[in-house]
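[1] build me a model:
(chains A and B)
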There are 2 protein chains.
Amino acid sequence: MRIVQKFGGTSVGSIERIRKTADIVAAELAQGHQLAVVVSAMSGETNRLIAMAHELSADPAKREMDALVATGEQVTAALLAIELQQRGIAAQSFTGAQAGFRTDSSHVRARIQHIACDHLVEHLEHGGVAVVTGFQGMDEKGNITTLGRGGSDTSAVALAVALQADVCDIYTDVDGIYTADPRMVPRARKMQRISYEEMLELASLGAKVLQTRSVELAMRYNMPIHLRSSFDLTPGTMVTREDESMERAAISGVAYNRDEAKITIKGIPDHPGIAANVFGPVAEAGINVDVIVQNISEHGFTDITFTVPRNDFRSTMAIMERVCAEMDAKSVSGDDSVAKVSVVGVGMRSHSGVAQKMFDVLAAERINIQMITTSEIKITVVVDEACVESAVQALHSAFGLDTDD
Amino acid sequence: MRIVQKFGGTSVGSIERIRKTADIVAAELAQGHQLAVVVSAMSGETNRLIAMAHELSADPAKREMDALVATGEQVTAALLAIELQQRGIAAQSFTGAQAGFRTDSSHVRARIQHIACDHLVEHLEHGGVAVVTGFQGMDEKGNITTLGRGGSDTSAVALAVALQADVCDIYTDVDGIYTADPRMVPRARKMQRISYEEMLELASLGAKVLQTRSVELAMRYNMPIHLRSSFDLTPGTMVTREDESMERAAISGVAYNRDEAKITIKGIPDHPGIAANVFGPVAEAGINVDVIVQNISEHGFTDITFTVPRNDFRSTMAIMERVCAEMDAKSVSGDDSVAKVSVVGVGMRSHSGVAQKMFDVLAAERINIQMITTSEIKITVVVDEACVESAVQALHSAFGLDTDD
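    Reported below is the predicted structural model:
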């Protein structure tokens, strides 16, 4: 098999961890696989570099930030190559530019255009291990670019696609995706497989395991991702195309996000364009609005409720008080102790009544649903933060996800 | 004027020092000059990177060491560019590869082959400052290479030659070349000018101010070097072609090196090849032999005396005891408390009697000369270390170098 492995910052965060990572690489190589290894900067290094730049300037030029932080992965790649060579493995480090990552010129958030990886293929076919810096590339003028935070996952998947690898192994500090947070639901199970779509819905719920961009890319090219732990080598969770032949349960997992706040504007004189008036200033402030519910207009007035990340609650409230006055709305109120609970699963498409069952379960637990939003494979409710735990546990159990033991 | 400035590790060793360096760059730019700035890694950074590699491997692959340590200058270049932009200066950082430094493939001690700097010229001509990583380049296969320790001076001079700059300003923590060490000779004077040849002789005496390679390069292309302090902006010392029109003194300066040890082998049966027998094993051990004196053979036996760096005294003695036994020589003796004192000056070529005068001065001071070696523009004697100070002071005074005040 040809495999692209990706190791994040904690997996290469110290000399000792680099040795452990080399153990994993060496073990896979001994299986006869061809290996390209994508690495992040040592944990803390990127922040150290950024802090130096910010000592000099509140708004450092993006081109120079890219040149600066790209050194982080270069250091890791060279160190891992040194450690692998130390074990007699023909390893070589490659910067993004050397590995052939060509990107556009959008510094600090560049997009990969293509990967000219013929020489990497040659290196792999001669039994060598290519250690490649994640997160970075080069534009057509030869400037160093970076893909933005979390871009190393995207680098790994893109490289796997370019190398026509069989799988992209992403090593992290968790050992897979669970049917629910195991800290909250002791009977949660590790999923053997999850579809790209479900993974994307989980990511939108704040699961920081895989960067959304990398999952989208994997889905587009049907590249299987094996999400696994760099601390033990048990199989993790495969993120793959939905398997039509599989009998599946209505839902695959229950997720939650406590990091939510809710804001309601009441009595807005209803006419076209009010949504733009309300959300324009929020977007300009760089705040991501999540769930939005607008009630049916009554007597020419309507109410709008929406959620934002809890950190942005105060600033959003300030914006809304101004907007409310401008729009002649009746009142603005907010609650920064709400949370989202979601059930996710491609099985929802073929099972009816999932939403009704979810509402019944929450009613039986006497949990008040404040907002509801749905997608094809996800149902999300906003509830009082105090109810999150009982909601998640009850749903996990009711949808048959608990382990037997 | 078009100027290449070079700042070493201490001049960019902290955020505060980077700001001071930007002050200097900005002041020169305000004079209307075109500027390319060559920077070293922040002081300590190269050693930090090397230490990590050595934690992994006693003998890390040279290609990877280059990729690793090249990040040091890249960080400095990006930070200085950020600081300059912060002041409204159109600065951009360039890695060695981006600046067009093409080298051979001798990792960790690469030689510059040429510099493809058209785009740098364009950048300068548009009023931009190019901040270039010293010490590094790229070979024809795209591998990152480094020039070896001290290579940043060489990078700066090479870039000055390629850019057809008017001068290469090398900023260090000393403010110029003195007629003698000012700590030892209070009446030493800063030289306004010194010839390349004299600078090379001083470098061979252990003056660490300029790397020999960079002076050789400057001499070959007749590129003036302005050696000056990054702590104050008074003029330093110009290193230039010898100025024929100038009336000059017999010698330009007095130098010394305490870091010496002397070894004598007596009674070596004299036949062809004995020098190779004696010095071969020393060279194999990586020890640099400096002054060598071999006496005329008497009755088929000869004596050889030579000096080595004091740190290598013990290991050289051990080698010599073995060699002496093999060669049937009579005895080996050593003295690790000797020092070299030299007078240097291109004026020596036109003034006769400099050597005689030197010996007279030392005799008057009752200093015993243990060894003598000469070049066209330098006379060096080896003396007891205890006599260094009085020797240097007496020579400085006798050759008319003392300041009047």
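[2] quick one: strands adjacent to the strand ranked longest in chain A?
    Criterion DSSP state E: the longest strand present in chain A is strand A:253-269. Strand A:253-269 pairs in its sheet with strand A:301-309 (antiparallel), strand A:331-344 (antiparallel), by DSSP bridges.
[3] immediately after it, which helix or strand?
    Per DSSP states H and E, the first helix or strand lying C-terminal to strand A:253-269 is helix A:274-284.
[4] for that following helix, which outside residues touch it?
    By C-beta atoms under 8 Å, 6 or more residues apart in numbering or on different chains, the residues outside helix A:274-284 that reach it are A:265, A:268, A:289, A:292, A:294, A:302, A:304, A:306, A:308, A:316, A:319-320, A:322-323, A:326-327. (Each C-beta comes from the backbone N, C-alpha and C, glycine too.)
[5] now the strands paired with strand A:253-269 in CSV, please, with extra columns for mean pLDDT and mean neighbour count.
    Formatted as CSV, those follow (pLDDT from 0 to 100; neighbours: other C-beta atoms under 10 Å in any protein chain shown):
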stretch, mean pLDDT, mean neighbour count
strand A:301-309, 91, 20
strand A:331-344, 94, 20
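[6] returning to what we had before: the longest strand of chain A: which residues count as buried?
    In terms of neighbour count (16 or more other C-beta atoms under 10 Å in any protein chain shown), strand A:253-269 has its buried residues at A:253-257, A:259-268.
[7] closest one of those to chain B?
    The nearest member of the buried residues of strand A:253-269 to chain B, counting by C-beta to the nearest C-beta, is A:D259 at 32.3 Å.
[8] what score does the nearest residue to that closest one once chain neighbours are set aside have for pLDDT?
    Once flanking residues are discounted, A:D259 sits nearest to A:R310: 5.1 Å by C-beta to C-beta, 6 or more residues apart in numbering or on different chains. For A:R310, the pLDDT comes out at 93.
[9] including distance to B:V185, could the strands paired with strand A:253-269 go into a markdown table?
    Shown next, in a markdown table, are the strands paired with strand A:253-269 (distance: least, C-beta to C-beta, whole Å):
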| stretch | distance to B:V185 |
| --- | --- |
| strand A:301-309 | 69 |
| strand A:331-344 | 74 |
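[10] which residues touch A:L29?
    A:35, A:89, A:129.
[11] what is the burial count for the closest residue to chain B within the stretch 251-400 of chain A?
    Nearest residue of the stretch 251-400 of chain A to chain B (C-beta to the nearest C-beta) works out as A:G286 at 22.3 Å. For A:G286, the count of nearby residues is 8 (other C-beta atoms under 10 Å in any protein chain shown).
[12] next: the one 4 residues further on.
    Burial measure for A:D290: 21 neighbouring residues, criterion other C-beta under 10 Å.
[13] leaving out the residues flanking it, which one is nearest to it?
    Excluding its sequence neighbours, the residue lying closest to A:D290 (C-beta to C-beta, 6+ apart) is A:T307, at 4.7 Å.
[14] same check on A:D153?
    A:S214 (3.7 Å).
[15] any idea how far the one you found is from A:T154?
    Going from A:S214 to A:T154 by C-beta to C-beta, to the nearest Å gives 4 Å.
[16] A:Y178 now?
    24 Å.
[17] same thing with A:E83?
    A:E83 is 25 Å from A:T154, where distance means C-beta to C-beta.
[18] so who does A:E216 touch?
    By C-beta under 8 Å, 6+ apart, the contact set of A:E216 is A:196, A:200.
[19] quick check: it is in a helix.
    Yes. Assessed with DSSP: H, G, I helix; E, B strand; the rest coil, A:E216 lies in a helix.
[20] can you give me the helices for chain A?
    If DSSP state H is used as the criterion, the helices of chain A fall at A:15-30, A:45-56, A:62-86, A:96-99, A:118-125, A:151-162, A:196-204, A:212-221, A:274-284, A:313-327, A:354-364, A:388-398.
[21] of those, which is nearest A:R183?
    Closest of the helices of chain A to A:R183 is helix A:388-398, at 10.1 Å (criterion: C-beta to C-beta).
[22] could you give me the average pLDDT of the closest one?
    Here helix A:388-398 scores 95 as its mean pLDDT.
[23] next, the buried residues of that helix.
    Buried residues in helix A:388-398, defined by neighbour count with 16+ other C-beta under 10 Å: A:388, A:390-396, A:398.
[24] likewise for stretch A:310-321?
    A:310, A:312-313, A:316-317, A:319-320.
[25] columns distance to A:V343 on top of these, output as a markdown table?
    Output for these, formatted as a markdown table (distance: C-beta to C-beta, whole Å):
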| residue | distance to A:V343 |
| --- | --- |
| A:R310 | 22 |
| A:D312 | 26 |
| A:F313 | 26 |
| A:T316 | 27 |
| A:M317 | 30 |
| A:I319 | 32 |
| A:M320 | 30 |
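[26] from these, pick the one nearest A:T46.
    Using C-beta to C-beta, the buried residues of stretch A:310-321 come closest to A:T46 at A:D312, 23.7 Å.
[27] residue in the stretch 201-350 of chain A nearest to chain B?
    Closest residue of the stretch 201-350 of chain A to chain B, C-beta to the nearest C-beta: A:S230 (17.5 Å).
[28] those residues of chain A touching chain B, which are they?
    For chain A, the contact set with chain B under C-beta under 8 Å from any C-beta of the partner chain comprises A:15, A:18-19, A:49, A:52-53, A:55-57, A:60-61, A:63-65, A:67-68, A:70-71, A:74-75, A:77-79, A:81-83, A:85-86, A:92-93, A:95, A:97-98, A:142-144.
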